[in-house]
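A.B. asks: Let me see the structure of the following:
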Amino acid sequence: MLISSKSGRVFEMPTDEEDARIRAGIAADPDTYEMTAAEMKLLRPVGRPKAESTKERVTVRLSEEVTAYFRATGKGWQTRMDAVLKEYVGSHRA
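C.D. replies: Numbering: from 1, shown residues only. Got it, this is the predicted structure:
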């Protein structure tokens, strides 16, 4: 059986017979076991944690002087630029 992921990748799933052989192999191996549903729920999600506040991806053209200044401040320069813009917005709200 073929299934598609969210990104469009296609995977071939094992047949019932193949799945039974895989499970038998797991059961026969003394160094491993098949996790229960309860054990699976205890696992941490894989990947980057969800941000508390989401950001919008935009394209903006900035002067070279501005980007050079923030890039020179090192890793996290975009976050610092965002903080400066937030401060500006906060002080100019009507």
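
A.B. asks: Residue 23 falls within a helix, correct?
C.D. replies: Yes. Residue 23 sits within a helix when classified using DSSP: H, G, I helix; E, B strand; the rest coil.

A.B. asks: Can you report how many residues lie near it?
C.D. replies: Residue 23 has 11 neighbouring residues, counting by other C-beta atoms under 10 Å. C-beta here means a position set from N, CA and C on the backbone, and glycine is covered the same way.

A.B. asks: Now do stretch 41-55: everything it contacts.
C.D. replies: By C-beta atoms under 8 Å, 6 or more residues apart in numbering, the residues outside stretch 41-55 that reach it are residue 82.

A.B. asks: got the CA positions of it in PDB?
C.D. replies: Taking Å, rounded to 0.1, in the frame of the first residue of the first chain, the C-alpha atoms of stretch 41-55 are listed here in PDB:
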ATOM      1  CA  LYS A  41       2.700   8.600  24.500                       C
ATOM      2  CA  LEU A  42       5.500   9.200  27.000                       C
ATOM      3  CA  LEU A  43       8.000  10.000  24.200                       C
ATOM      4  CA  ARG A  44       8.900  13.600  23.400                       C
ATOM      5  CA  PRO A  45       7.900  14.900  20.000                       C
ATOM      6  CA  VAL A  46      10.800  14.900  17.400                       C
ATOM      7  CA  GLY A  47      11.900  18.200  16.000                       C
ATOM      8  CA  ARG A  48      11.900  21.800  17.000                       C
ATOM      9  CA  PRO A  49       9.600  22.700  19.800                       C
ATOM     10  CA  LYS A  50       6.600  24.900  19.000                       C
ATOM     11  CA  ALA A  51       7.100  28.600  19.600                       C
ATOM     12  CA  GLU A  52       4.900  30.300  22.100                       C
ATOM     13  CA  SER A  53       4.400  33.100  19.600                       C
ATOM     14  CA  THR A  54       4.500  32.500  15.900                       C
ATOM     15  CA  LYS A  55       6.000  34.900  13.500                       C
END
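
A.B. asks: I'd like the distance from it to the chain centre, please.
C.D. replies: Chain-centre distance of stretch 41-55: 7 Å, with C-alpha atoms, centre = their mean, to the nearest Å.
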